[in-house]
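Q: build the 3D model from these lines:
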Amino acid sequence: MINKQLISKIFAELPTFETERLIFRKMTLDDANDLFEYASDPQLARLYR
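A: Okay, here's the model as predicted:
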């Protein structure tokens, strides 16, 4: 079972940092559709099995 409090704590503590080409930041609910689309791609999903 997923511990929602633990996950919330982990995500609350993630830093944001930038490179010349990327910005790494915390995920938000606004990212859900993009993440679902990414995870639904069979060619990408097979890499995570």
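
Q: give the residue farthest from the middle of the protein.
A: Largest separation from the mean C-alpha position in the chain: residue 20, at 20.4 Å (C-alpha atoms, centre = their mean).

Q: could you look up the SS state of that residue?
A: The three-state label given to residue 20 by DSSP: H, G, I helix; E, B strand; the rest coil is coil.

Q: list the residues that contact it.
A: By C-beta atoms under 8 Å, 6 or more residues apart in numbering, no residues touch residue 20. The C-beta positions use only the backbone N, C-alpha and C, and glycine is treated the same way.

Q: gap between it and residue 14?
A: Relative to residue 14, residue 20 is positioned 21 Å away (C-beta to C-beta, to the nearest Å).

Q: can you count the residues close to residue 24?
A: Residue 24 has 10 neighbouring residues, counting by other C-beta atoms under 10 Å.

Q: ok, now which ones touch it?
A: Counting by C-beta under 8 Å, 6+ apart, residue 24 touches 16, 17, 18.

Q: let's have those in TSV, adding neighbour count and pLDDT.
A: Formatted as TSV, those follow (neighbours: other C-beta atoms under 10 Å; pLDDT from 0 to 100):
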residue	neighbour count	pLDDT
16	8	90
17	9	90
18	9	95
